[in-house]
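Undergrad: Next input, structure requested:
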Amino acid sequence: MNTAEEEKKVLFETLPYRVASSKYFKVIFCKLLTRWLSIVILLLTALIGATCYDLRFGIVLLMFIFIILPLVLFMFYYNYALRPVAFFSVVEKSVIIHTRGIDCIYNEKQREVLQWQQVERVERNNEAFYIYTDANTYFYLPRRAFATAEDIQYVEKNYLLQFIS
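TA: Numbering: from 1, shown residues only. From the prediction side, this is the model:
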């Protein structure tokens, strides 16, 4: 075996799975909302309070709700959910975990999604692993994609443990 084959030695191939884009974007939106929630609530409270004194502030409030807020949501979706890592998180695929990173088999072709040196951190919960490559971009790897619980524990201990926050 040459060194290129040794470096890309396949550890696991997961079962085929798909994640809903709404589920993927919900995690990003919740993280962004927790950062900006106090400012949004302060702004809305100020506009509601100002509306009691002058009805024109109510028009500004409605403009904020129906014009500015949808544009901001679209901007977040466009910036974070349409990246290649996000694309491969939501399509029907099988994941190959190897010593250099993660590849996906999508449309009967193997495509490189991320390498381990790109990973900033990994968050885990009862359903999945969130493998972050940027502050708000992550690869969604559900626990149900693994064939056995031993496979989950092996990957978590040997590859993801160094990144888990």
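
Undergrad: ok, which stretches of the chain are strands?
TA: With strands called from DSSP state E, the chain shows them at 10-13, 94-98, 101-106, 109-115, 121-124, 128-132, 138-142.

Undergrad: quick one: which of those strands is nearest residue 60?
TA: Nearest to residue 60 among those is strand 138-142; the distance by CB to CB comes to 35.6 Å. In short, each C-beta sits where N, CA and C put it, glycine included.

Undergrad: Any idea which residue is closest to the centre of this structure?
TA: residue 138 (3.7 Å; CA atoms, centre = their mean).

Undergrad: Just confirm it contacts residue 83, I think it does.
TA: No - counting by CB atoms under 8 Å, residue 138 does not reach residue 83; the two are 9.8 Å apart.

Undergrad: Mind putting the strands of the chain into JSON lines with mean pLDDT and distance to residue 36?
TA: Shown next, in JSON lines, are the strands of the chain (pLDDT from 0 to 100; distance: least, CB to CB, whole Å):
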{"stretch": "strand 10-13", "mean pLDDT": "76", "distance to residue 36": "38"}
{"stretch": "strand 94-98", "mean pLDDT": "88", "distance to residue 36": "32"}
{"stretch": "strand 101-106", "mean pLDDT": "90", "distance to residue 36": "30"}
{"stretch": "strand 109-115", "mean pLDDT": "89", "distance to residue 36": "27"}
{"stretch": "strand 121-124", "mean pLDDT": "89", "distance to residue 36": "20"}
{"stretch": "strand 128-132", "mean pLDDT": "91", "distance to residue 36": "19"}
{"stretch": "strand 138-142", "mean pLDDT": "91", "distance to residue 36": "19"}
